[in-house]
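[1] need a structure here:
(4 chains)
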Amino acid sequence: MSLLNTVPEMVLTTKVDQLLNWTRKSSLWYMLFGLACCAIEMMQTGGPRADLDRFGMAPRATPRVSDLMIVAGTLTLKMALRTKVLYEQMPDPKYVLSMGSCSNCGGLFQLAYSVCDGVDKVIPVDVYVPGCPPRPEALTEGLMLLQKKMMQERWLVREPRPRAGAARA
Amino acid sequence: MSAYVGNIVDSVTSIFDGMAVTFSHFFRRPYTVQYPDRMPVRVQDALPYRYRGFLEVDLEICTGCLACERACPIDCIAIDVLKNKETKQNLLVRFDIDLAKCMYCGLCSEPCPTGSIHHTREFEGADYSLESMVRRFVLDPVETYKPKKSGEDDPAIVPILERGMRYVNEFAVPEAPPKPPKKDAAPAVKPAVGAAAAEGQP
Amino acid sequence: MSLELEFDDGREVFATEEMTLNMGPQHPSTHGVLRFIIRADGEVMRSAKADVGYLHRSIEKIAEKVGWHGFMPYTDRVDYVAAMTTNQAWAIAAEALGGVTVPRRGEYCRVIAAELGRICSHLLAAGAMGMDIGAITPFTHAVRERELINDLLEELCGARLTFNYMRIGGVAWDLPPGFDAKVLRFLNHFEPYVDELDDLLSNNKIYIERLANVAVVSRERAIAYCLVGPNLRASGVRYDIRKHLPYSVYPEFDFEVPIGTGRHGSVGDCWDRYIVRLDEMRQSARILRQALEGLPEGPVIAKVPRNYKPAAGEVHVHVETPRGDQSWYVVADGTEYPYRVHIRTGSFAAMSIIEELSRGLMVADLVALIASFDIVAPEVDR
Amino acid sequence: MNTAAIQQLLHERFGSGVGPVESARLSDAVEVDPLSVDEIALFLRDQPDLAFDCLNNLSGTDRPARGKIQVTYELFSYVHRHAFVLKVDARRDRPQVKTVENVWPAANWLEREVYDLLGVVFLGHSDLRRLLLPDDWIGYPLRKDYVEAPEYHGISTVRESILALPERR
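    Have a look, this model is predicted:
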């Protein structure tokens, strides 16, 4: 029973799409993938002041039940291989938010020998949030940008997602 | 037996202690800041003056001295200065800052003589691609700023320079008052990072 | 399946087939990316081998590339939970090599910033410990209090986590106007809060049962494994770099060095390591009050050339960070780049003892053990 | 006890294996033979008026100009509250040092770290594996002549800067 990508575009399907998107965007569960400094800011974002629960976002411990991977911190080469495994374990539809300079492009650790310069070398990234580390409000803004992107997605007539590794090298 | 009862009493009282703290929060002021809506002021305006957000350059007062480019440990600033042979003026043809790579350390804004490069209190810059995070400040080549001996009198530049000098003074070392900007603004050769360290003299 | 009696101490345990568990590197605990390979016999661990390095960012090598001033932002990232003290360690090392004297007001600014950072770090340690044991509430409380300190530090230096506040020769910026009043107001709010955290957590029966008498580290073992800071003091050694190998202006302040007393179990158990941190927060508040009172006037930074070139030499610097004595070994060769920087951090020492301590513990106790050592993964890996 | 007095004691006991006090500005050290460092360490720990019960720091420094890798031991005594720095020079082409793991258990990980990053082999170490880097890493990155590999498991280790325009110098 796969209706995905099969239905021609019409009024009903767009409304169904919008409903689906709205439900998904309002219960975005993110995986706790705190790697380094940004992890502290991510925890602060989940904490009482910024309170991500307002957006229906809750931290999850395992990739199997999460929709979003917030890559918060420096991705080392040793960890990069594991990141790919974790990403592949997440069920579709899945999103990746790259938080902070290190996971955007290596940032200040581009000089290092053991750091993977940018998480987009390993997995496709949907939203980049600049900052070192981004303050909780900046992360919230990035998440809202992701929600906006989700709202524009077409489900019944959607385009195929890019595969892992097909991202801009 | 008494230990058994004691344990139960202990458990109940300690849970009660904890719950008392928890319930007291019913009567405290809510703590959550409802970003981005339902805020009395923008977060940016509530941030302290020293907040190190995104970098910004005021080209009107940039002397093209390349001090910021040299101070940056990770080369996330790129400046190109050309010398115009006819007017003997330096032309700023490129001033790019890679905000995706920047680590917001503030080392670049410290040596700036006029406060041209400075941190703003902006932090909202999330985007779908990295290319959009490069701020390219020079769209058309502009002449670099040359401080006048008699003091600035151009009404278009005075407020910008005032803002810049306020920035410089705020962060300046109290001991050393900010020097007037130097005149020579020829692009210097950047030292190759790591070259000296790689030579192994003990 | 073999049926045999295992432990010598009278506990009768049927040994079942040994099982290898993998914990991490991505896991819900709050200490960064660590991985443990656990060999367990049912619930009882035979050993938990730590596999670290998932956050090895080659900071020591980068020091050889970016120069003396440029390395300061990197020290923030060595221990991001308490970046101020790491800043301070690097500044002290570079100043010692270059023969720079810091103005007194600069030293006071450093102490104020460092002690605020210490409170910040211990708050996270206490909160994360509650969360790892299973109590979520203390964590949110701790994060809430942290926000207040973050606000203060943001006003002081413009960043919430990676401060880059100190410079070689002093601090980058003087205290902003009205800052001391704000810190005092925070302290007046904070000191009762520590008691509240005490109420919420410390004497909770479940909490004590989970922590008391778990993973006891004796005095001799703590020293042999080079445990430092609160972990060492919990084992009953009264040794604090701030007091016994003083640096900066710490000799001018009156504060106590809390040690573990074994109130609910034996000296050196997980509960002691927790309570030492809680007591240290109170002592930090005390130092802060004295520092604000005695704040001298004057410049905050000495004149240091932008092209800093200390003469050749070597220096060993010890600084008391929230995770204990951070030992820096810095070699200069007279150029504008350090020749070698090595950092032995508190978490590194604590990580190395876990394999030995884990023998005979329950699997669930491992999380309590890691939390009680207050391990921050990038501090292990650097 | 100061460094000179300790050097005197060591010299009396071990003879030619113990060098004179080396003064590098701000820090005095005594250089000893790499293959007898374990005996010297045991002596330093067990002699009652020395009682160095804690190995505070152990680090390696590559000195290609001299063809040596220097291992520095920083000792501390919680009994007498005094410190002492011991140094060992290993040959750069075949660096071998006796382990002090049996004397101070803290040396276990510290020596593994030096082995990992500088390639010094500690003879008699119980578990000499890489500590921080992945097991299949090639080379010893803290050596001065280390060259970064272009890629690791298909992940390239360099990232072209977005700022790099063709006309850039």
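
[2] secondary structure element for the closest residue in space to B:Tyr167 that isn't next to it in sequence, which one?
    Closest residue to B:Tyr167 apart from its sequence neighbours, by C-beta to C-beta, 6 or more residues apart in numbering or on different chains: B:Gly115 at 3.8 Å. Where you see a C-beta, it was placed from the backbone N, CA and C, and this is true even at glycine. In this structure, B:Gly115 sits in neither a helix nor a strand according to DSSP states H and E.

[3] how about A:Val96?
    Assessed by DSSP H and E, A:Val96 sits inside strand A:95-99.

[4] strand partners (parallel or antiparallel) of that strand?
    Here strand A:95-99 is paired, per DSSP bridges, with strand A:68-72 (parallel), strand A:127-129 (parallel).

[5] helices or strands up against the longest strand anywhere in chain B?
    Ranked by residue count, the top strand of chain B under DSSP state E comes out as strand B:89-98. Applying 3 or more C-beta pairs under 8 Å, 6 or more residues apart in numbering or on different chains; DSSP states H and E, one finds that strand B:89-98 contacts strand B:55-57, strand B:77-84, strand B:134-136, strand B:142-143.

[6] and these, which is most packed in?
    strand B:55-57 (a mean of 20; mean count of other C-beta atoms under 10 Å in any protein chain shown).

[7] point out where chain C drops to low pLDDT.
    For chain C, residues meeting the criterion pLDDT under 70 lie at C:1-16, C:25-31.

[8] please enumerate the strands of it.
    Using DSSP E, strands in chain C cover C:19-23, C:35-41, C:44-51, C:166-167, C:170-171, C:313-321, C:324-332, C:338-344.

[9] got the buried residues for the third one?
    Using 16 or more other C-beta atoms under 10 Å in any protein chain shown as the test for burial, strand C:44-51 gives C:44-46, C:48, C:50-51.

[10] for those residues, which one is nearest A:Pro124?
    C:Asp51 (27.9 Å; C-beta to C-beta).

[11] hang on, that closest one packs against C:Ile37?
    Yes: taking C-beta atoms under 8 Å as the definition, C:Asp51 is a contact partner of C:Ile37 at 6.3 Å.

[12] how near is the spatially most central residue of chain C to C:Ser347?
    With distances taken as C-alpha atoms, centre = their mean, the residue of chain C nearest its centroid is C:Arg323 (2.2 Å). To C:Ser347, C:Arg323 is 5 Å away according to C-beta to C-beta, to the nearest Å.

[13] C:Val319 now?
    Remark: distance between C:Val319 and C:Ser347 (C-beta to C-beta) = 14 Å.

[14] who has more neighbours out of these two?
    Taking other C-beta atoms under 10 Å in any protein chain shown, C:Val319 and C:Ser347 do not tie; C:Ser347 has more neighbours (31 against 24).

[15] excluding its backbone neighbours, what's nearest the more buried one?
    Closest residue to C:Ser347 apart from its sequence neighbours, by C-beta to C-beta, 6+ apart: C:Glu379 at 4.0 Å.

[16] ok, and which of the buried residues of strand C:44-51 reach chain A?
    Residues of the buried residues of strand C:44-51 in contact with chain A (C-beta under 8 Å from any C-beta of the partner chain): none.

[17] just to revisit the earlier point, please identify the pairing partners of the next helix or strand after the longest strand of chain B and their relative orientation?
    Note on strand B:89-98: by DSSP H and E, the next helix or strand toward the C-terminus is strand B:117-119. Strand B:117-119 pairs in its sheet with strand B:55-57 (antiparallel), by DSSP bridges.

[18] OK, contacts around the residue in the stretch 51-200 of chain C that chain A sits nearest to?
    Among the residues of the stretch 51-200 of chain C, C:Val143 lies closest to chain A, at 3.5 Å counting by C-beta to the nearest C-beta. C:Val143 makes contacts with A:43-44, A:47-49, C:124, C:127, as judged by C-beta atoms under 8 Å, 6 or more residues apart in numbering or on different chains.

[19] of these, just say which sits nearest to C:Met23.
    Nearest to C:Met23 among those: A:Met43, at 19.8 Å, using C-beta to C-beta.

[20] is it correct that that closest one is in contact with A:Gly34?
    Yes: with contact taken as C-beta under 8 Å, A:Met43 and A:Gly34 are classed as touching, separated by 7.0 Å.

[21] tell me which other helices or strands the helix of greatest length in chain B touches.
    In chain B, taking DSSP state H as the definition, the longest helix is helix B:2-24. Here helix B:2-24 is seen to pack against helix C:205-211 when contacts are counted using 3+ C-beta pairs under 8 Å, 6+ apart.

[22] does any part of the helix it packs on sit near chain B?
    Yes: judged by C-beta under 8 Å from any C-beta, helix C:205-211 comes into contact with chain B through C:205-207.

[23] now list the buried members of these.
    For these, a burial check counting by 16+ other C-beta under 10 Å picks out C:205, C:207.

[24] pull the number of nearby residues for A:Met79.
    Other residues close to A:Met79 by other C-beta under 10 Å number 30.

[25] quick check, it in a strand?
    No: A:Met79 is assigned helix when assessed by DSSP: H, G, I helix; E, B strand; the rest coil, not a strand.

[26] please list the residues of chain D that sit near chain C.
    D:24-27, D:29, D:53-62, D:72, D:74, D:78, D:81, D:83, D:85, D:104-106, D:108-110, D:117, D:130-134, D:141-142.

[27] how about 7 Å then?
    Those residues of chain D that sit near chain C, judged by C-beta under 7 Å from any C-beta of the partner chain, are D:24-27, D:53-57, D:59, D:61, D:72, D:74, D:78, D:81, D:85, D:104-106, D:108-109, D:131-133, D:141-142.

[28] with chain A instead?
    Contacts of chain A with chain C, taken as C-beta under 7 Å from any C-beta, map to A:32-37, A:39-41, A:43-44, A:47-49, A:61, A:74, A:76, A:78-79, A:82, A:86, A:108-109, A:111-115, A:132-133, A:135.

[29] ok, back up a step: is it true that the residue nearest to B:Tyr167 touches B:Met165?
    Yes: using C-beta atoms under 7 Å, B:Gly115 is in contact with B:Met165, at 5.8 Å.

[30] neighbour count: the two, which is higher?
    For the pair B:Gly115 and B:Met165, the greater number of neighbours falls to B:Gly115 (23 against 17), based on other C-beta under 10 Å.

[31] picking up where we left off before, closest to B:Leu91 out of the residues of helix C:205-211 next to chain B?
    Among those, C:Tyr207 lies closest to B:Leu91 (C-beta to C-beta), at 67.8 Å.

[32] list the residues that contact B:Val93.
    Residues near B:Val93 by C-beta atoms under 7 Å, 6 or more residues apart in numbering or on different chains: B:80, B:82, B:138, B:141.

[33] low pLDDT regions in chain A?
    A:1-13, A:155-169.

[34] count of neighbours near the residue of it at minimum distance from chain B?
    Using C-beta to the nearest C-beta, the closest approach of chain A to chain B is made by A:Gly142 at 3.6 Å. Neighbours of A:Gly142 under the rule other C-beta under 10 Å: 25.
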